[in-house]
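Colleague: The following block contains a protein sequence and its predicted model.
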Amino acid sequence: MTSVLYDAPGPEARRRHLVFGVISTLVILAVIAFVLWRFIATGQFSAQKWQIFSFPRVQQTLVQATGATLSAFGVAAVGSLVLGLVLAVGRLSERTWLSRPFHWFTELFRAVPVLILMMMLYYGLPPAIGVRWPPYTAVVVALILYNGSVLAEVFRAGVESLPKGQKEAGLAIGLRNSQVMASILLPQAVRAMLPVIISQLVVTLKDTALGFIVTYNEILFQAKFFGSQVQYGTPIVPSAIVAGVLYVGMCLILSGLAKLAERRLRRSQKVSPAPAAEV
Amino acid sequence: MNTLFNNLDVFTTGFRTTIILFLVSGFFALLLGTVIGAMRVSPVPALRAFGTLYVNVVRNTPLTLVLFFFAFGYPKLGLPEIDFTASAIVGLSLYTASYVAEVLRSGVNTVPVGQAEAARAIGLRFIQTLTVVVLPQAFRSVLPPLFSVLIALLKNTTVAAGFSVYEAGAIRAYLAERGEPAIVVLLWVAFFFVVLVLILAQLQRYFEKKWKVAR
């Protein structure tokens, strides 16, 4: 599609593109080289700063921290999918007294920043109602509330994108409203929206890093701890690199799944793939 | 109510910083995002590859990590010192730019093929086709997703509170010292965010009506 923006390059244009290509490559390489040079000049790649990551105990802690991130992500992902389905079904109900509260719930939790939700659940709510729970609970519940609300909108858009005949046919053969929803509309909606749902799960995975701010013991939290060890030359940049590799790796795997789902959907003609996800 | 009115100074300072963060990073993110979006559809393979790489890497990095790097890592690199607010702006702009680029790229695809073909037929070059014909139309059709990105940016500014920026997300920490109940403070913060998001949604509706494409 993009090629419609420019003519097939002739010999002159090809030469011009080559010049542009070389110049832009040089500029980009220069920027990368500058960053690397600053890293090397300030000793970010020195053995002393990386030594801490060669200890088995440190590596074990990092694996545990990755486990903590993944466990928060797993529970939050399942929880937000369930909550999203419930909210979507509630909002699509034909009874106004039922659909309106679900509508407000969805809109409210989509508008409040996840971090504020986490702070409410960690700093605000426990003293107010006189209980204590670990940061894990706050992280997971906040992620479920936010992503559940976003996913509810995704499911709803999926159901509404289906042809009207689907619902009418279901009603015509004597199914109840709930049966139509459960066995006809939702399965198709989930299928059509699969890429968007998975990219929203990538967002959930990325947002587990917010747990760092409410002292949840995940990858970034450990990275900060290792990065501030003075006897190893405060390797904060190496720690950020390690954390970055872990996060980007995990998210790329999930995004790859989203791409795969999209490609499979495009091959099957029954449903049309949906637009991109929220941030 | 008292929690709000007794501490109006903290609330106004916090939300002023939030709005500044939002406006400045929003501006740079739109600018950088447009450039990267243009790179992704450009005829030069090297630029296309770089645009794709940038979007794929940044979109798969948590914003918290980006801000972490600029707040803690950057000062170690011996470069000109910048304060925490400036580093938050840099991080937010770089992060949001990848989303803007993606939105614009998908917007370019919604402009009818005939538009670009007509532009080429009258002899416009790639840059001219893009800036004079395609992008102005793409901007209109991408208004809703673009505003979702901006609303997300507004909410994301709270992450900067974890990195020593005195903004809305940090109000709780400041008022904890004054002994205010955290839940009340946070409910007020959440309330103001809902108001700000509603204002942005209203703005979106206004622009959508104003720039409606007559086809």
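Modeller: On my side now, so go ahead.
Colleague: mind checking which helix or strand the residue nearest the centre of chain A is in?
Modeller: Most central in chain A under Cα atoms, centre = their mean is A:V203, positioned 1.3 Å from the mean C-alpha point. According to DSSP states H and E, A:V203 maps onto helix A:194-207.
Colleague: Report whether that helix contacts chain B.
Modeller: Yes - using Cβ under 8 Å from any Cβ of the partner chain, helix A:194-207 reaches chain B at A:202, A:206-207. (C-beta placed from N, C-alpha, C; glycine too.)
Colleague: about what we covered before: now do the residue nearest to the centre of chain A, the pLDDT please.
Modeller: On the pLDDT scale, A:V203 is placed at 89.
Colleague: what about residue 182, neighbour count?
Modeller: Just going to use chain A. A:A182 has 14 neighbours, counted by other Cβ atoms under 10 Å in any protein chain shown.
Colleague: You answered for a different chain; I wanted chain B.
Modeller: Here the number of neighbours of B:A182 (other Cβ under 10 Å) works out to 20.
Colleague: for the one 4 residues further on, same thing?
Modeller: Burial measure for B:L186: 25 neighbouring residues, criterion other Cβ under 10 Å.
Colleague: now swap in the one 3 residues further on and tell me
Modeller: Taking other Cβ under 10 Å as the criterion, the count of residues near B:V189 is 28.
Colleague: Helix or strand for it, just tell me which one.
Modeller: Going by DSSP H and E, B:V189 is part of helix B:182-210.
Colleague: Show me what that helix packs onto, helices and strands only.
Modeller: Counting contacts by 3 or more Cβ pairs under 8 Å, 6 or more residues apart in numbering or on different chains; DSSP states H and E, helix B:182-210 is packed against helix A:96-111, helix A:114-119, helix A:125-129, helix B:2-6, helix B:8-40, helix B:143-156, helix B:171-177.
Colleague: could you dump those to JSON lines with mean neighbour count and mean pLDDT?
Modeller: Output for the helices and strands packed on helix B:182-210, formatted as JSON lines (neighbours: other Cβ atoms under 10 Å in any protein chain shown; pLDDT from 0 to 100):
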{"stretch": "helix A:96-111", "mean neighbour count": "16", "mean pLDDT": "90"}
{"stretch": "helix A:114-119", "mean neighbour count": "26", "mean pLDDT": "90"}
{"stretch": "helix A:125-129", "mean neighbour count": "14", "mean pLDDT": "80"}
{"stretch": "helix B:2-6", "mean neighbour count": "12", "mean pLDDT": "76"}
{"stretch": "helix B:8-40", "mean neighbour count": "19", "mean pLDDT": "91"}
{"stretch": "helix B:143-156", "mean neighbour count": "21", "mean pLDDT": "90"}
{"stretch": "helix B:171-177", "mean neighbour count": "18", "mean pLDDT": "82"}
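Colleague: Need those in a markdown table (columns: distance to B:Y54).
Modeller: Output for the helices and strands packed on helix B:182-210, formatted as a markdown table (distance: least, Cβ to Cβ, whole Å):
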| stretch | distance to B:Y54 |
| --- | --- |
| helix A:96-111 | 28 |
| helix A:114-119 | 25 |
| helix A:125-129 | 39 |
| helix B:2-6 | 42 |
| helix B:8-40 | 6 |
| helix B:143-156 | 16 |
| helix B:171-177 | 34 |
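Colleague: So for B:A101, which of those helices sits nearest?
Modeller: Comparing these by their distance to B:A101 (Cβ to Cβ), the top pick is helix B:8-40, with 4.0 Å.
Colleague: Report all helices and strands that that closest one contacts.
Modeller: Judged by 3+ Cβ pairs under 8 Å, 6+ apart, the packing partners of helix B:8-40 are helix B:45-59, helix B:84-110, helix B:143-156, helix B:171-177, helix B:182-210.
Colleague: How far off centre is the first one?
Modeller: To tie it back to what came earlier, the one meant is helix B:45-59. 18 Å (Cα atoms, centre = their mean, to the nearest Å).
Colleague: for the stretch 151-279 of chain A, what spans make up the helices?
Modeller: In the stretch 151-279 of chain A, the segments counted as helices under DSSP state H, counting those that start in this stretch are A:164-172, A:177-180, A:186-192, A:194-207, A:219-227, A:236-267.
Colleague: and the longest one, is it in reach of chain B?
Modeller: Okay, so that is helix A:236-267. Yes - on the criterion Cβ under 8 Å from any Cβ, helix A:236-267 is in touch with chain B at A:236-237, A:240, A:243-244, A:247-248, A:251-252, A:255.
Colleague: circling back to that earlier point, out of the helices and strands packed on helix B:182-210, flag the one nearest A:V58.
Modeller: That would be helix A:114-119 among those, by Cβ to Cβ, at 27.1 Å.
Colleague: quick one: contacts of the closest one?
Modeller: A:109, A:138-139, A:142-143, A:145-146, A:207, A:210-211, A:213-214, B:155, B:158-159, B:161-162, B:168-169, B:172, B:182, B:186, B:189-190, B:193 (Cβ atoms under 8 Å, 6 or more residues apart in numbering or on different chains).
Colleague: from the chain's centre, how far out does it sit?
Modeller: Chain-centre distance of helix A:114-119: 16 Å, with Cα atoms, centre = their mean.
Colleague: how about low-confidence regions in chain B?
Modeller: Low-confidence segments of chain B (pLDDT under 70): B:213-215.
Colleague: If we ignore the residues flanking it in sequence, what's nearest B:I36?
Modeller: B:A101 (4.0 Å; Cβ to Cβ, 6 or more residues apart in numbering or on different chains).
Colleague: List the residues that contact the closest residue to chain B within the stretch 1-150 of chain A.
Modeller: With Cβ to the nearest Cβ, the shortest gap between the stretch 1-150 of chain A and chain B falls at A:G124, namely 3.4 Å. By Cβ under 8 Å, 6+ apart, A:G124 lies in contact with B:172, B:181-183, B:185-187.
Colleague: which bits of the stretch 1-150 of chain A sit near chain B?
Modeller: So far as Cβ under 8 Å from any Cβ goes, the stretch 1-150 of chain A lies against chain B at A:1-2, A:4-7, A:9, A:13, A:17, A:20-22, A:24-25, A:28, A:38-39, A:41-42, A:44, A:108, A:111-117, A:119-120, A:123-125, A:127-128.
Colleague: one step back: the helix holding A:V203 packs against which elements?
Modeller: When contacts are defined as 3+ Cβ pairs under 8 Å, 6+ apart, helix A:194-207 sits against helix A:56-92, helix A:135-160, helix A:236-267.
Colleague: what's the spacing between the longest one and its chain's center?
Modeller: Read it as helix A:56-92. Counting by Cα atoms, centre = their mean, helix A:56-92 is centred 11 Å from the centre of its parent chain.
Colleague: how about it: buried residues?
Modeller: Within helix A:56-92, the residues that count as buried by 16 or more other Cβ atoms under 10 Å in any protein chain shown are A:58, A:62, A:65-66, A:68-70, A:72-73, A:75-77, A:79-81, A:83-85, A:87-92.
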